[in-house]
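Undergrad: Sharing a model that was predicted from the sequence below.
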Amino acid sequence: MTHFSPHGKLLLTGEYFVLDGVPALAVPTKRGQRFEFNYTRGASLVWRAHDHKDELWFRSDLSSPAIGGRPQPNDDPFTARLWEILLAADELKPGTLERATFGQAVTSRLEFNRQWGLGSSSTLIAAVARWLGVNPYALLERTFGGSGYDLACAFAEGPILYERNGISPVVTELNWKPTWLQQTYFVYLNQKQNSREGIRAYRAAGASARAKEEISRITTALLNDSLHLRAAAQLLLEHEEIVGQTLGLTPVQQRLFPDFPGAVKSLGAWGGDFVWALSEESPEKVRAYFNSLGYAVVIGYDEMVLGA
């Protein structure tokens, strides 16, 4: 039996701009996805996926290409995606499908709600890449696409600075623990956002060189451990303005939380998943504020982030 437990992820700064090599600050989450790989009899790849409540949400038996197994037009979306990932891995490492996959059973268990956007796809890519011994960033490029920061978070043990560079990114592990992080919270917006739609909007808009420089400057400034909460909040609001101006979108605090006593920043693709809230108010008051507006999931930094 082989086990892998890649972590979930959150991109704190650099959303969208990270695609163009702008340094981004990211953190792995304590909750991820656990995978078990076991050899079985037969020539099928038996895949079973469980959600955070340990309920089976996907099952499929894929037949080996050696006996005629192949993607089918009527495959469900996850089966089609699984075939895509396996075939891409075989292109990167010819013979992988026959040598390493079929005749095995795979069981996965999510540790977070699938709707939260913490990385059900990236943890899958990370685990499969390790299992089959292929470059995870190359596998990502041939399947889901994206910057790859989520793959870097999958096996990180704490905050990272991520710079995209094709299939060989620069990943710097950080000992980043400013005290103001204890006054921050992650709030789920009750809807999952499609990151690919956000990426298309960013590409269509075209980011200026000045905007990229400013986003990089803000990320660097946040790494200063002597920074206090109000200064950090101001930097993050500046970040929101730059992204908003680039995409032609209204920052989330102006749109949903204009009276929040602090700062609220979008994370990842704008419009869904989590936001990051900073406030000098007590945890009880912060949670009460968001709960009163219908946002029940409010998670403190220490509870969410690995290595906090």
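TA: Ah, there it is. Numbering: from 1, shown residues only.
Undergrad: going forward, measure contacts and count neighbours with C-alpha atoms only.
TA: Noted.
Undergrad: which strands and helices sit next to the host helix or strand of Ala89?
TA: For Ala89, the host element (DSSP states H and E) is helix 77-92. In terms of contacts (3 or more CA pairs under 8 Å, 6 or more residues apart in numbering; DSSP states H and E), helix 77-92 is packed against helix 120-132, helix 136-141.
Undergrad: Select, out of those helices, the one closest to Asp273.
TA: helix 120-132 (12.8 Å; CA to CA).
Undergrad: Which secondary structure elements does that closest one sit against?
TA: Using 3+ CA pairs under 8 Å, 6+ apart: helix 120-132 touches strand 7-11, strand 24-39, helix 77-92, helix 136-141, helix 149-154.
Undergrad: now for the shortest one, which elements pack on it?
TA: Helices and strands in packing contact with strand 7-11 are listed as strand 24-39, helix 120-132, helix 149-154; criterion 3+ CA pairs under 8 Å, 6+ apart.
Undergrad: thinking again about what came up before, show me how far the helix holding Ala89 is from its chain's centre.
TA: 20 Å (CA atoms, centre = their mean, to the nearest Å).
Undergrad: following it, which helix or strand comes up?
TA: helix 96.
Undergrad: Adjacent strands (with direction) for the following helix or strand past that following helix?
TA: Downstream of helix 96, the next assigned helix or strand under DSSP H and E is strand 104-110. Using DSSP bridges, strand 104-110 pairs in its sheet with strand 24-39 (antiparallel), strand 44-50 (parallel).
Undergrad: pull the CA atoms of the longest one into PDB?
TA: It stands for strand 24-39. Output of strand 24-39 as PDB, limited to C-alpha atoms (Å, rounded to 0.1, in the frame of the first residue of the first chain):
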ATOM      1  CA  ALA A  24       3.000  35.200  -5.000                       C
ATOM      2  CA  LEU A  25       2.500  34.400  -1.300                       C
ATOM      3  CA  ALA A  26       0.700  31.100  -0.700                       C
ATOM      4  CA  VAL A  27       0.000  28.800   2.200                       C
ATOM      5  CA  PRO A  28      -0.800  25.100   2.500                       C
ATOM      6  CA  THR A  29      -3.900  24.200   4.500                       C
ATOM      7  CA  LYS A  30      -4.100  21.700   7.300                       C
ATOM      8  CA  ARG A  31      -6.900  20.000   5.400                       C
ATOM      9  CA  GLY A  32      -6.100  18.200   2.200                       C
ATOM     10  CA  GLN A  33      -6.900  14.900   0.400                       C
ATOM     11  CA  ARG A  34      -5.600  11.500   1.400                       C
ATOM     12  CA  PHE A  35      -4.800   8.800  -1.200                       C
ATOM     13  CA  GLU A  36      -4.200   5.100  -0.900                       C
ATOM     14  CA  PHE A  37      -2.900   3.000  -3.700                       C
ATOM     15  CA  ASN A  38      -3.200  -0.800  -3.500                       C
ATOM     16  CA  TYR A  39      -2.400  -3.600  -5.900                       C
END
